[in-house]
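Asker: Provide a 3D model corresponding to the input given below.
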Amino acid sequence: MTDNHNIHIGSGNYNERVEGDYIQGNYNAPLIHGGSGNNITFNRIQVPDWERLKLNPPKNLQFQGSANFVGRQYELTLLRDRLQLRSVYAITAVAGMGGVGKTELAIQFVLQHEADYPGGICWLSARESDLAASIVQFAQLHMNLEVPQQDGRGNSLSLTKQVEWCWQHWQPSSGLVLIVLDDVMDVGNYRLWLPSYNRFRVLMTTRLRNLDPNIEEISLDMLLPEEALQLLIALVGQKRVEKEYQTAQQLCEWLGYLPLGLELVGRYVAKKPPNYKLALLLQRLNEQRLENEALNSEQQSLQQTLSTAQQGVLAAFELSWLELSPTTQQVAALLSLFAPNIFVWQWVESACELLNWSAANVETANEQLYALHLIQSVEDTSSEYKIKIHPLIREFLKVKLAALPQALNLKHAFVEVMVAQAKLIPYLITAELINSVKDVIPHLVEVAQYLTEAISDENLILVFSRIGRFYQGQGSYALAEPWYIQCAFIVRKRLGEEHPDVASSFNNLALLYLHQARYAEAEPLFLQALALERRLNGEEHQSVAFSFNHLAHLYLNQARYAEAEPLLLQALALNRRLNGEEHPSVSSSLDSLASLYLHQARYAEAEPLFLQALALERRLHREEHTAVAAILQNLASLYLKQARYAEAEPLFQQALALNRRLLSKEHPFIADSLQNLASLYSKQARYSEAEPLYQQALEIASKSLGVDHPTTANIRENLKSLRDNYA
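Answerer: Numbering: from 1, shown residues only. Down below sits the predicted model:
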């Protein structure tokens, strides 16, 4: 059996400077050596409950579909026939201008033909900058798959390979799978991430014609005249249309038979008294179109990009716009700042509160916008009220925002709310937390890409690093890396080379490389961060102690003990001078130094340091703290190495009990505690007691860290060795 139970290097409290603030957390990455660096072969995968998935195939459609959907029977039949073809890989694009109902057609198709895809239905917004991440997250959240980050030789898997792995390991033997990519802007960007297996069917919606010569395209044009009239009747009522039948026909023609335009005028008319004339509406629309041509330059620029039919939709939008109160108009303009994705209405309310707008007026704004079809509610299992805006309406609202004198204030309020949401992204990313924070990521990306001028200097690093943390915490290092790189570039460009946040951005990127065992890339960044901290703050500063600690951990993972030791000694001495003896940074340094000695088999030097760290943590935090549990584990590991089993067992048991009280059931610290106690029992040939602990540890680590994380690999290998010996 491999004797490499988890010893936490720097476990307990550690200090890390992030986004200009000093925070405390816990190291949970064990020091593992094998071959050169962490090159460990990972072949096994977690197998989800496929029988359950057959009964409840994975799907994530969040839209209910319009209650007024009419026509399109030819297109629906064509979609059904093309996507059901066997022995071909079918990609069908529903192409058409904005407002023609592409997304609605796709929704209706999914709702009507859900049973045809027992392998699952995966709906993805192709406008998201990280479509590949969405594919990986679907596999994790809806099929409980753990996507590997390394290949069999220990090399990092590219994002393309991770997505390919998801397609390969999709729910087996359960029939066709439908992948919907909504609002594709350029198929070339997505070709690498599309599945290439016959069981997958891909339906894309796009505004582009002739998207790809290899794609079967269904062009979605305006509704047929009789279909448009049917939709208008559904919206305004049979009697109203019958009274002005010819005018109703003219109105449908004037709007270019576009569903969005008809929805807008239908909701507009529905709010009017019963005697309101469609002829008056048609007259107003004509007047509004003339007015639009004479509006500001932004509006004129928009006009030039619209088709004749879409200009009719714009006129209909303008009539609805004039119906809104001034506060509702400002709220609507604020909504244009959100990415074209689902968002939580509470975020809108928070921004409005920052702008000192009345809560009652904001609630009225929500009611008016919904009544006029300017926003759409989204079906969701959470208790939060979520909405979405049609992309064409969003474009119109952006023009309105540009014309507002207070546009900059709205941008600042929006960014401040998104920054507050970014601060909620935790250091430990679990599957549950992925689901709770994933909706904010597209909007943070919108801020990072288009609204950096509205981010304050103090929060500049936070926006980029939190996006990186979201992906890094899931083990999606390929997705995290560009955000950390961009963070370092943006921070240096705005704040200059000699700024503390530059050092933080170097540290964040280096820590990512450290997790990936990319030591050659991590080391110069850690060294640059340390040098910069010294220049900015002098030798006697907490940030310097943190940098010593980071660099030491790099050397520890490379077994460069002679280089790690002086850094840990300097960090300990500096923490004592800066904070005194009674401080968490001192106990963390003592624990890190003791862990180094433990790995060097310098047991006589390690034990008193562990005991000092434990006593100090107990004085600072009493018994109920994860730092106490971590040091208990490390001290027990020392006794285990020395075959002092009677002393090790109660410490391992205390650590496990403490972690279970303090942490969630699937926290990786609990997996460590279970494995360490199992290792003790294995050493004593208490195999029947060790095996269930290893099994529990493996299940938790697979879920919380991933099946290919070094910790998970260790547990799996130890369990295999146990069973081999036990047999």
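
Asker: Show the contacting residues for Trp165.
Answerer: By C-beta atoms under 8 Å, 6 or more residues apart in numbering, Trp165 lies in contact with 147-148, 157. (Glycine included, C-beta is placed from N, CA and C.)

Asker: Give the helix, strand or coil label for it.
Answerer: Assigned with DSSP: H, G, I helix; E, B strand; the rest coil, Trp165 falls in the helix class.

Asker: Let me know the pLDDT of it.
Answerer: With respect to pLDDT, Trp165 has a value of 87.

Asker: Next: Leu281.
Answerer: For Leu281, pLDDT reads 87.

Asker: Gly12 too?
Answerer: For Gly12, pLDDT reads 33.

Asker: now do Leu145
Answerer: 78.

Asker: List phi and psi for it.
Answerer: phi -80, psi 140 (degrees, to the nearest 10).

Asker: From Gln695, how far off is it?
Answerer: Leu145 sits at a distance of 20 Å from Gln695 (criterion: C-beta to C-beta, to the nearest Å).

Asker: Please apply the same query to Leu677.
Answerer: Leu677 is 13 Å from Gln695, by C-beta to C-beta.

Asker: The two: which is more packed in?
Answerer: Leu677 (26 against 14; other C-beta atoms under 10 Å).

Asker: picking that back up, in a markdown table: the contacts of Trp165, plus distance to Ser637.
Answerer: A markdown table is the format used below for these (distance: C-beta to C-beta, whole Å):
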| residue | distance to Ser637 |
| --- | --- |
| Val147 | 31 |
| Pro148 | 28 |
| Leu157 | 31 |
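
Asker: Which of these lies at the shortest distance from Tyr477?
Answerer: Leu157 (9.0 Å; C-beta to C-beta).

Asker: Distance check, the closest one against Ala713.
Answerer: 15 Å.

Asker: More neighbours: which of the two?
Answerer: More neighbours surround Ala713 than the other of Leu157 and Ala713, with 23 against 18 (other C-beta under 10 Å).

Asker: doesn't the more buried one fall inside a helix?
Answerer: Yes. Checked against three-state DSSP, Ala713 lies within a helix.

Asker: Of all residues in this structure, which one is nearest the centre?
Answerer: Lys438 (3.9 Å; C-alpha atoms, centre = their mean).

Asker: Count the residues that sit near the closest residue in space to Asp457 that isn't next to it in sequence.
Answerer: The shortest distance from Asp457 to any non-neighbouring residue, by C-beta to C-beta, 6 or more residues apart in numbering, is to Leu495 (6.3 Å). Residue neighbour count, defined by other C-beta under 10 Å, stands at 17 for Leu495.

Asker: for Lys568, helix, strand, or coil?
Answerer: One correction, residue 568 is Leu, not Lys. helix.

Asker: Would you confirm that it contacts His550?
Answerer: No. Contact between Leu568 and His550 fails when scored by C-beta atoms under 8 Å: they sit 11.3 Å apart.

Asker: Looking only at neighbour counts, state which of these two leads.
Answerer: Leu568 (27 against 24).

Asker: Which residues are in contact with Ser325?
Answerer: Contacts of Ser325 by C-beta under 8 Å, 6+ apart are 361, 364-365, 368.

Asker: Just the ones in helices from the residues you listed, please.
Answerer: Judged by DSSP state H, helices contain the following of the contacts of Ser325: 361, 364-365, 368.

Asker: Identify, from the residues you listed, the entry nearest to Asp221.
Answerer: Closest to Asp221, out of all of the ones in helices among the contacts of Ser325 and judged by C-beta to C-beta, is Gln368, at 31.6 Å.

Asker: And the pLDDT for the closest residue to the closest one other than its chain neighbours?
Answerer: Once flanking residues are discounted, Gln368 sits nearest to Thr328: 4.9 Å by C-beta to C-beta, 6+ apart. We have a pLDDT of 94 for Thr328.

Asker: Save the contacts of Ser325 as JSON lines, and put in distance to Ser637 and pLDDT too.
Answerer: Output for the contacts of Ser325, formatted as JSON lines (distance: C-beta to C-beta, whole Å; pLDDT from 0 to 100):
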{"residue": "Asn361", "distance to Ser637": "61", "pLDDT": "94"}
{"residue": "Thr364", "distance to Ser637": "62", "pLDDT": "94"}
{"residue": "Ala365", "distance to Ser637": "59", "pLDDT": "94"}
{"residue": "Gln368", "distance to Ser637": "64", "pLDDT": "90"}
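
Asker: of all those, which comes closest to Lys272?
Answerer: Gln368 (14.3 Å).

Asker: Look up how far Asp439 lies from that closest one.
Answerer: For Gln368, the distance to Asp439 - C-beta to C-beta - is 24 Å.

Asker: And for Tyr555?
Answerer: 40 Å.

Asker: can you give me phi and psi for the closest residue in space to Lys59 that isn't next to it in sequence?
Answerer: Closest residue in space to Lys59, ignoring its immediate chain neighbours: Ile121 at 4.2 Å, by C-beta to C-beta, 6+ apart. Main-chain dihedrals, Ile121, degrees, to the nearest 10: phi -130, psi 120.

Asker: What residues does Ser350 make contact with?
Answerer: By C-beta under 8 Å, 6+ apart, the neighbours of Ser350 are 417, 420.

Asker: show me the contacts for Ser589.
Answerer: Listed by C-beta under 8 Å, 6+ apart, the contact partners of Ser589 are 545, 549, 568, 571-572, 575.

Asker: Figure out the helix or strand that it lives in.
Answerer: Using DSSP states H and E, Ser589 maps to helix 584-599.
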